[in-house]
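1. sequence unavailable; structure follows:
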């Protein structure tokens, strides 16, 4: 019997998301893994990410905050 995934997320969706991040010159997140490091084992990393996303076992870390300087020091 084939296992079913909790979420309908295809491998193609994950790959397209990766391509958008790359085109947008994405940067390392809170895990400090750069896009170049991620691409060092791209096929396996995308597969692991897809598997965790589609099974519902992926729980992202907190978002990295970046302060944006504003006029008047606000």
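-> Perfect, I can see it now. Just so we're clear, the structure is a prediction, and the values are computed from it rather than from any experiment.

2. for residue 24, give its distance to residue 17.
-> Going from residue 24 to residue 17 by Cβ to Cβ, to the nearest Å gives 11 Å. (Each C-beta comes from the backbone N, C-alpha and C, glycine too.)

3. who has more neighbours, these two?
-> Neighbours were counted for residue 24 and for residue 17 using other Cβ atoms under 10 Å; residue 17 has more, 15 against 8.

4. tell me the confidence at that one?
-> Note for residue 17: predicted pLDDT of 95.

5. then residue 14?
-> At residue 14, the pLDDT value in this model is 96.

6. neighbours around residue 35, how many?
-> Other residues close to residue 35 by other Cβ under 10 Å number 15.

7. the closest residue to it other than its chain neighbours and residue 33, how far apart?
-> Residue nearest to residue 35 in three dimensions, not counting chain neighbours: residue 26, with 5.4 Å by Cβ to Cβ, 6 or more residues apart in numbering. As judged by Cβ to Cβ, residue 26 and residue 33 stand 11 Å apart.

8. ok, residue 10 next?
-> Plainly put, residue 10 is 23 Å away from residue 33 if you go by Cβ to Cβ.

9. what does residue 7 give?
-> Computed as Cβ to Cβ, the residue 7 to residue 33 distance reads 23 Å.

10. need the three-state assignment for the residue lying closest to residue 29 once chain neighbours are set aside.
-> Of all residues not flanking residue 29 in the chain, residue 64 sits nearest, at 5.6 Å (Cβ to Cβ, 6+ apart). What DSSP: H, G, I helix; E, B strand; the rest coil gives for residue 64 is coil.

11. and residue 35, how far is that from residue 8?
-> 26 Å.
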